[in-house]
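>>> what follows is a predicted structure for the sequence shown.
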Amino acid sequence: MRVYRLCKESYSAAVLAGDGASPAPAAARAVSFAEAAKVWTKIGWLSFGGPAGQIALMHRELVERHRWISETRFLHALNYCMLLPGPEAQQLATYIGWLLHRTWGGVVAGAMFVVPGFIAMMLLSWLYVRYTDVAAVTALFFGLKAAILAVVVEAVIRIGRRALRSGFMVVIAAAAFVAIYFFKVAFPWIVLAAALVGLIAARVVPSQFAAAAEKASRSDERSFIDQMHERGELDHARPSARRALSMTVVCLVLWFVPVAIVAIWLGRDHVITREGAIFSQTAVVTFGGAYAVLAYVAQRAVEELHWLRPGEMIDGLALAETTPGPLIMVLQFVGFVAAYRYASPLDPWMAAVLGATITTWVTFLPSFLFIFAGAPYMESLRRHRGLNAALSSVTAAVVGVVLNLSIWFALHSLFGTVDARTFGPVHVDVPVWSTIEPGAFVLGIGALVAMLRFKVGMGWTLAGSALLGAVYWCVRYAP
């Protein structure tokens with residue numbers, strides 16, 4: 001959701017700093033399908049650290065090391081993926097795989113970005129359900145919850161620094177926060193409003209977007225995809241209504257047929273059928289990555305359907321933070337736990353595996369549709385200023401959305417009881433101060449200082465918080 005310069009200053013600066021990459025050669029080597037599949041598999045198993053870390057990894061592998069794609073085209077693809085609902089890093093991998101080797105290249109790239117995390121999350125979800133009542137596991141997740149709070153707060157600061165480059169962007173972020181926190185406005189309406197404001201502002205006050213003006217690409221960089229373009233081998237990247245329609249039909253069939261089969265087999269009201277329907281909706285209306293989608297899912301799965309308790313949503317994100325792949329894999333955890341608890345007439349473990357699988361399927365399949373049907377049109381709009389302005393405004397709105405999530409996390413991590421208060425059209429969650437957990441508060445502050453002040457990696461922060469939290473929990477609560 002950024003124009004070229006904003007993307008370059010945010011992500012490209014982060015990935016280039018300290019890497020010591022040597023200058024690229026004058027020409028890029030040809031890429032076979034088998035070689036690409038190996039690289040996508042490697043990226044899938046190493047894609048820790050959330051979207052920022054995953055995008056940095058792809059930049060190092062695809063732009064700097066292998067020189068498959070130029071930086072300008074890489075960032076343009078990233079702009080489009082960040083505009084879409086769903087996991088932008090996985091969509092970016094699908095986009096680049098599609099550019100390299102057409103549809104099957106995109107399928108392999110996108111699938112290998114998900115499969116490692118799917119395997120790891122399935123195992124961790126089983127361990128969580130099987131041993132969640134054991135004191136050692138409870139103690140472990142006590143510390144992880146505090147660390148996750150620091151991760152989300154750090155995400156707000158990181159995104160805010162890069163997105164809020166003018167007073168105009170700050171106003172958009174503030175308005176988005178007020179709308180979602182106090183008035184519970186749905187995410188799609190916030191995104192739509194921000195995009196429209198950006199389009200209008202680009203004409204009325206274009207100076208607000210001057211800092212995001214597009215730069216020329218590096219003249220000494222010729223990637224493999226650039227060479228494909230020169231040789232006329234990127235026909236699939238040209239807009240085609242017929243191709244877009246056929247891909248849409250295929251993806252829709254693959255998307256909805258499994259849900260329909262489950263509905264016929266178990267009934268429309270079974271939890272697995274409802275997971276297929278609810279997470280299909282989630283896949284197309286949630287913007288802003290996993291941090292934003294978690295608030296939306298919490299409203300449905302915790303507050304409305306009571307599939308999980310608030311603390312368990314935080315546990316799920318803690319598990320997703322420790323596995324490779326998109327953080328939105330937390331939805332697989334939700335699908336697993338909910339199906340296990342409401343399995344009848346199926347065996348609970350069988351239901352849990354089916355629930356996790358169909359949740360993952362409907363969560364990620366729409367991303368392939370968005371890329372295969374929309375990417376050719378995005379390629380034709382690489383220098384459209386109005387679109388870039390809309391993307392910048394949506395990015396600013398997402399800052400407000402993620403700030404809302406950080407407050408939600410803080411309330412449910414640091415307090416035992418949170419009451420919902422309504423004052424006319426205004427809805428506010430008010431903590432019961434007597435239920436504050438001092439250990440969680442200290443761990444959260446410590447994790448935040450470690451990540452922001454001393455630049456400790458997320459993995460080490462999570463591990464340290466889990467260990468210290470386990471010790472604290474055992475001393476205070478163990479019988």
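Yep, it's here.
>>> for the stretch 201-350 of the chain, which spans come out with low pLDDT?
Residue ranges of the stretch 201-350 of the chain with pLDDT under 70: 210-221, 286-292, 295.
>>> and if you look at the stretch 1-150 of the chain?
In the stretch 1-150 of the chain, residues with pLDDT under 70: 1-29, 49-50, 52-53, 132-138.
>>> hey, where'd the helices end up in it?
Here the stretch 1-150 of the chain has its helices, by DSSP state H, counting those that start in this stretch, at 4-7, 13-16, 33-46, 50-58, 71-83, 88-131, 135-163.
>>> closest to Phe364 out of those?
Minimum separation from Phe364 across these (Cβ to Cβ) falls at helix 88-131, 5.5 Å. Just so you know, the C-beta spots here come from the backbone N, C-alpha and C atoms, and that holds for glycine as well.
>>> tell me the angle that closest one makes with helix 71-83.
Helix 88-131 runs at 50 degrees relative to helix 71-83, counting by axes from the mean of the first three to the mean of the last three Cα atoms, to 10 degrees.
>>> who are the packing partners of helix 88-131?
Using 3 or more Cβ pairs under 8 Å, 6 or more residues apart in numbering; DSSP states H and E, the elements in contact with helix 88-131 are helix 33-46, helix 50-58, helix 71-83, helix 135-163, helix 224-230, helix 310-321, helix 330-341, helix 348-379.
>>> need phi/psi at Ala420.
Note on Ala420: its backbone torsions stand at phi -90, psi 120 [degrees, to the nearest 10].
>>> cool, the one 10 residues further on as well?
When read as degrees, to the nearest 10, the backbone of Val430 gives phi -110, psi 120.
>>> quick one, what contacts it?
Going by Cβ atoms under 8 Å, 6 or more residues apart in numbering, Val430 touches Val418, Asp419, Ala420, Arg421.
>>> swap the cut-off to 7 Å and go again
Asp419, Arg421 (Cβ atoms under 7 Å, 6 or more residues apart in numbering).
>>> does the closest residue to Val259 other than its chain neighbours lie in a helix or a strand, and which?
In space, and not counting its chain neighbours, Val259 is closest to Gly276: 3.6 Å by Cβ to Cβ, 6 or more residues apart in numbering. In this assignment (DSSP states H and E), Gly276 forms part of helix 271-285.
>>> try Thr422
Going by DSSP H and E, Thr422 is in strand 418-423.
>>> counting by contacts, list what that strand packs against.
Here strand 418-423 touches strand 426-431, going by 3 or more Cβ pairs under 7 Å, 6 or more residues apart in numbering; DSSP states H and E.
>>> just the buried positions in the strand it packs on, please.
Buried residues in strand 426-431, counting neighbours by 16 or more other Cβ atoms under 10 Å, are found at Pro431.
>>> residues in contact with the helix or strand following it?
Toward the C-terminus, strand 426-431 is succeeded by helix 438-452 as the next helix or strand (DSSP H and E). Residues from elsewhere that reach helix 438-452, judged by Cβ under 7 Å, 6+ apart: 143, 145-147, 149-150, 153-154, 413-414, 456, 461, 465, 468-469, 472, 476.
>>> pull the contacting residues for the closest residue to Phe333 other than its chain neighbours.
Of all residues not flanking Phe333 in the chain, Gly316 sits nearest, at 3.8 Å (Cβ to Cβ, 6+ apart). Gly316 sits next to Val330, Phe333, Val334 when contact means Cβ under 7 Å, 6+ apart.
>>> picking that back up, and the contacts of helix 438-452, which are buried?
Buried members of these, counted by 16+ other Cβ under 10 Å: 143, 145-147, 149-150, 153-154, 413-414, 461, 465, 468-469, 472.
>>> wait, which of those residues is closest to Leu387?
Glu154 (29.5 Å).
>>> report pLDDT for the closest one.
With respect to pLDDT, Glu154 has a value of 74.
>>> spatially nearest residue to it (excluding sequence neighbours)?
Closest residue in space to Glu154, ignoring its immediate chain neighbours: Met451 at 5.1 Å, by Cβ to Cβ, 6+ apart.
>>> out of the helices and strands packed on helix 88-131, which is the most enclosed?
helix 330-341 (a mean of 27; mean count of other Cβ atoms under 10 Å).
>>> got the angle between that one and helix 348-379?
Going by the same axes, to 10 degrees, helix 330-341 makes 150 degrees with helix 348-379.
>>> so what does helix 330-341 touch, helix or strand wise?
Packed next to helix 330-341, using 3+ Cβ pairs under 7 Å, 6+ apart, are helix 88-131, helix 271-285, helix 289-297, helix 310-321, helix 348-379.
>>> please enumerate residues in contact with that helix?
Outside helix 330-341, the residues touching it (Cβ under 7 Å, 6+ apart) are 118, 121, 125, 129, 271-272, 275, 279, 290, 294, 297, 301, 307-308, 312, 316-317, 319-320, 348, 351-352, 354-356, 358-360, 363.
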